[in-house]
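Novice: next come a sequence and a model predicted from it.
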Amino acid sequence: MLLPKTGKDFLQNENGQKWEETKIEDNDTIPIKKRKNCKARWTKECADAQKPLNIALKETWANNGNRAGIQRYLTARTHFNATIQKSNRESYRELAEWWCAAYLGFRESVVVNVSPAFVLDLPPFKSVQSWIQFATQVVCGQHKAIQSVLRPEFVNSVKSSSLKSGSSGPCLIQYYRLYNACRVPEYNVDKYVVYPSGAPNSPRHIVVMCLNQMYSVDILDQEMRLLDPDEIYRRLFAVYMTSSMSQSSSSSSTVDPLASSVVPFGALTALHRDDWTNCYKLMSQDSDNVAVFERIHSSMFVLCLDYDSGQGATTGETSKEGTSSEKRRQRVSFLSRLSLHGGGSKRHSCNRWFDKTMQVIVGFNGMFGLVQEHSTAEAVAPVEIQDSALRHALRDHASFDGYLAVLFEHSTAEGTVSSHYTVLMEQFAADVKVSDAVMSEKISPQRQSITPLVFKVNSPEIVQSVLKAKQLLDHTAESLDLNVCIFDSFGKSVIKTFKVSPDAFFQVSLQLAMFRYLKDKYGTSPDEQTLVPTYESGSLRNYRWGRTDTIRSASKEALQFARMVSKLGSQDLEVCRSLREAISSHSKYTRDVMSMKGVDRHLMGLKLAYNELLKKDPDLQMPQLFKEPFHAYFSEILLSSSQVPSERDGFVSFGPTSLDCTGVCYNIQKSSILFMVSTFHASERTNSQLFMKYVEKSLDTLKEVFEFEQSSHIGAKTEKPKSKL
């Protein structure tokens, strides 16, 4: 049954029941807001931003000719979906289908613009054997993590972090769409494919990319059981050796990709989506290419084995000067950029398939990373899975540090590794020269379990597209300005002694940092300087199909605090009270958003409802609501932020949302705060490394204010801080 679009039929189902009277019994579904609630929130947002709301909101819901108003349409559409979901849970979408279409309809490259990345800094590997050994354990850990998603203990562990009192727990649909899934290019709006997991016909293979070449590698047997680690090791090692030989044979090739036996087809996934769609359709005219695409799409995940031949085996890009902590910061900044875009076509950008939902990276330079295609899940879900995968990967070792000591420092010493690797380590030296031994019966894997994935170049246009993609990747790598900070002065433990939310503490620090940065850059006075439109992701996972809504941290309370501390300093009682008000305001906003009392997603729903109605009635006029100055102001985010917690010292990075935007992602740990700042070099307004310094200074300022408050014994009675996913 199709959703009625117009007239009285719009408000009735096939049984004559009115949609407005339809009850949504499941309180975990996403509610649609009433006009009076939206008006109150919008009015406050406009006042905080000093953008007056000039229209009567009633006009937005008024009838447009013979059509019902946008709000009534959105409500009826939602109730319709909520009704049919009782017989088919998968049909319940509300904004979810529009939300996914917003990602899949984005036509620029997904690299940096869409896909976030996670990186964990490990010591560089001493030998190829230890590198492949660790990759083997990562593969085993990934499979265990996949299995754990379906187990009650994992579900319970996720539910235990729920913020909604009495909730049955967060919706786990995002976790089930991370593996066996892939984005597929299409004109206008891409599509997304998810293959079954745990069934007899489920995928048993992963795609391994090494030296810009792709291989399909089975890691499960016919009974869907994980193979022995030694067999997986053999297969991964064979992939590396085969890739090395192929690369050696094409080392003297020209700039023409066809002159090389190694064509970096993975680079095509970095193109503008319409350009990639053209190539995809062209390549799909060959049935063999269709089979290769299917093999990639259906794989459990992509494993990227990034091998640096000397250039990145130690640090990569760090200064010879500076303290050890500064050198580590530079190294992690370099690895974060590497995980996000691959470092350009001459490094590892072509060793990716950016359409794949989960790309796990194991670099010879010591990088453990993840690139996630963002359409179906927020970064929190895959990072949680990676924490679980690493626990599984290291489960046989007493401690992580002890394992690293064995793996990285003594990997070639006799008796320090498992016995089933001994034969391989005796056969190959640390530099792994190409040898006939790789084909010996003693160590070679079952050949039918490893399949090279090679496309046929059936048009000169494909060749030009590969060259264009490589140029685009190089430009992307050069344009991104990304730096990380390992702030170890204090962390969550100290912040909680102030009886405030750690997330709110960081967000107010972020507002103060931007206030100071812009004030100093443009020479404005504290009374003249304002804040900028800010996005912080607020999780809606407590609702079925929920993704995120916007927490707008640039509140009038945060602005008032920034002005006061700039004029009065940190040792002032009024500044203390102002800081408390700013943090309290942010905490309340966070709770409201996570209880579906935010405004941005509802604005999105109204706009998309209008677009849907417009397809049926081209003469339908755009409501005045979307022509208001405040709507344009809110649409341009200049500070985009997100907290993605991890139990390890890992960094999540993402790109700015526009030329003049600053991106900040942070991980608040017990005794430190890890955060990254991303901008574009082309922007005259932003500077990632300089802004990072302002954030550090602002964190110290907030701590000084609270310490002064404590010393003055005026600590306000506050509510117990609540965690935020």
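Specialist: That came through fine.
Novice: need the helix or strand of this structure with the lowest average pLDDT.
Specialist: helix 422-427 (a mean of 32; mean pLDDT, DSSP states H and E).
Novice: tally of neighbours for Thr524?
Specialist: 13 (other Cβ atoms under 10 Å). All C-beta atoms are positioned from the backbone trio N, CA, C, and that covers glycine.
Novice: pretty sure it contacts Phe515?
Specialist: No. Look at Thr524 against Phe515 with Cβ atoms under 8 Å: they stay out of range, at 9.8 Å.
Novice: overlap in contacts, those two.
Specialist: Counting by Cβ atoms under 8 Å, 6 or more residues apart in numbering, no residue touches both Thr524 and Phe515.
Novice: partner strands of the following helix or strand past the least confident helix or strand of the chain and their direction?
Specialist: Using DSSP states H and E, the helix or strand that directly follows helix 422-427 along the chain is strand 450-452. The pairing partners recorded for strand 450-452 under DSSP bridges are strand 213-218 (antiparallel).
Novice: what's the mean pLDDT across the partner strand?
Specialist: When pLDDT is averaged over strand 213-218, the result is 96.
Novice: can you give me the helices in the stretch 301-450 of the chain?
Specialist: With helices called from DSSP state H, counting those that start in this stretch, the stretch 301-450 of the chain shows them at 324-341, 380-393, 400-404, 422-427.
Novice: of the ones you listed, which is nearest Gln511?
Specialist: Closest to Gln511 of those is helix 380-393 (Cβ to Cβ; 22.5 Å).
Novice: what's in contact with that closest one?
Specialist: Contacts for helix 380-393 (Cβ under 8 Å, 6+ apart): 118, 120, 137-138, 140-142, 144-145, 148-149, 154, 158, 174-175, 178, 358, 368, 370, 372, 539, 644-648, 650, 652, 725.
Novice: show me what counts as buried in it.
Specialist: Going by neighbour count (16 or more other Cβ atoms under 10 Å), the buried part of helix 380-393 is 380-393.
Novice: do stretch 529-547 as well
Specialist: 529-547.
Novice: in helices only, show me those.
Specialist: Within the buried residues of stretch 529-547, no residue falls in helices by DSSP state H.
Novice: in strands, which of these appear?
Specialist: Under the assignment DSSP state E, the buried residues of stretch 529-547 contribute 534-539 to strands.
Novice: what about the strands in the stretch 551-700 of the chain?
Specialist: Per DSSP state E, counting those that start in this stretch, the stretch 551-700 of the chain carries strands over the ranges 639-643, 650-653, 662-668, 673-680.
Novice: what about the helices in the stretch 601-725 of the chain?
Specialist: 629-635, 688-711.
Novice: let me know which of the ones you listed is the nearest to Ser345.
Specialist: Between Ser345 and those, the shortest gap by Cβ to Cβ is with helix 688-711, which sits at 23.1 Å.
Novice: ok, for Pro264, nearest residue in space, not its chain neighbours?
Specialist: Nearest non-adjacent residue to Pro264, counting by Cβ to Cβ, 6 or more residues apart in numbering: Cys350, 3.4 Å away.
Novice: could I get the contacting residues of the one you found?
Specialist: By Cβ under 8 Å, 6+ apart, Cys350 lies in contact with 212, 264, 266-267, 342, 470, 473.
Novice: same thing with Val677?
Specialist: 482-485, 662-664, 688-689, 691-692, 695.
Novice: and these, which are buried?
Specialist: The buried subset of the contacts of Val677 (16+ other Cβ under 10 Å) comprises 482-485, 662-664, 688, 691-692, 695.
Novice: quick revisit: output the helices of the stretch 301-450 of the chain in JSON lines, with distance to Leu699 appended to each entry.
Specialist: Shown next, in JSON lines, are the helices of the stretch 301-450 of the chain (distance: least, Cβ to Cβ, whole Å):
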{"stretch": "helix 324-341", "distance to Leu699": "16"}
{"stretch": "helix 380-393", "distance to Leu699": "22"}
{"stretch": "helix 400-404", "distance to Leu699": "27"}
{"stretch": "helix 422-427", "distance to Leu699": "46"}
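Novice: ok so, going back, lowest average confidence across the strands of the stretch 551-700 of the chain, which one?
Specialist: Lowest mean pLDDT within the strands of the stretch 551-700 of the chain: strand 650-653, a mean of 90.
Novice: that one packs against which elements?
Specialist: strand 117-121, helix 324-341, helix 380-393, strand 480-487, strand 662-668, strand 673-680 (3 or more Cβ pairs under 8 Å, 6 or more residues apart in numbering; DSSP states H and E).
Novice: follow-up on the earlier one: which of the helices of the stretch 301-450 of the chain sits closest to Ser243?
Specialist: Each of the helices of the stretch 301-450 of the chain has some distance to Ser243 by Cβ to Cβ; the shortest is helix 422-427, at 16.7 Å.
Novice: how many residues are close by Ile673?
Specialist: Other residues near Ile673 come to 24 when the count uses other Cβ under 10 Å.
Novice: and for the spatially closest residue to it that is not a sequence neighbour, the neighbour number?
Specialist: Excluding the flanking residues, the one nearest Ile673 by Cβ to Cβ, 6+ apart is Phe487, at 4.4 Å. Phe487 is flanked by 20 other residues according to other Cβ under 10 Å.
Novice: thought Phe487 was touching Phe675?
Specialist: Yes. Counting by Cβ under 8 Å, Phe675 is a contact partner of Phe487 at 7.0 Å.
Novice: now stretch 613-620, how far from the centre of its chain.
Specialist: 35 Å (Cα atoms, centre = their mean, to the nearest Å).
Novice: got the CA coordinates for that stretch in CSV?
Specialist: The C-alpha atoms that make up stretch 613-620 are tabulated as CSV, following Å, rounded to 0.1, in the frame of the first residue of the first chain:
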residue,chain,number,x,y,z
LEU,A,613,5.3,16.8,-1.9
LEU,A,614,7.0,19.1,-4.5
LYS,A,615,7.5,16.1,-6.7
LYS,A,616,3.8,15.6,-6.9
ASP,A,617,2.9,19.3,-7.1
PRO,A,618,5.7,21.4,-8.9
ASP,A,619,3.7,24.6,-8.2
LEU,A,620,3.9,24.1,-4.4
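Novice: which helix or strand contains Ala238?
Specialist: Taking DSSP H and E as the criterion, Ala238 maps to helix 229-249.
Novice: got the angle between that helix and strand 213-218?
Specialist: Angle of helix 229-249 versus strand 213-218, following axes from the mean of the first three to the mean of the last three Cα atoms, to 10 degrees, is 160 degrees.
Novice: and stretch 346-358, C-alpha only, in PDB?
Specialist: Backbone C-alpha positions of stretch 346-358 (Å, rounded to 0.1, in the frame of the first residue of the first chain) are rendered in PDB as follows:
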ATOM      1  CA  LYS A 346      52.000   7.300  -3.800                       C
ATOM      2  CA  ARG A 347      51.300   6.000  -0.400                       C
ATOM      3  CA  HIS A 348      48.200   4.000   0.400                       C
ATOM      4  CA  SER A 349      45.100   5.800  -1.000                       C
ATOM      5  CA  CYS A 350      44.800   3.300  -3.800                       C
ATOM      6  CA  ASN A 351      45.000   0.500  -1.400                       C
ATOM      7  CA  ARG A 352      41.400   1.100  -0.300                       C
ATOM      8  CA  TRP A 353      37.900   0.400  -1.400                       C
ATOM      9  CA  PHE A 354      36.200   3.500   0.100                       C
ATOM     10  CA  ASP A 355      32.600   2.200  -0.600                       C
ATOM     11  CA  LYS A 356      33.100  -0.700   1.800                       C
ATOM     12  CA  THR A 357      31.400  -0.100   5.200                       C
ATOM     13  CA  MET A 358      34.300  -1.500   7.200                       C
END
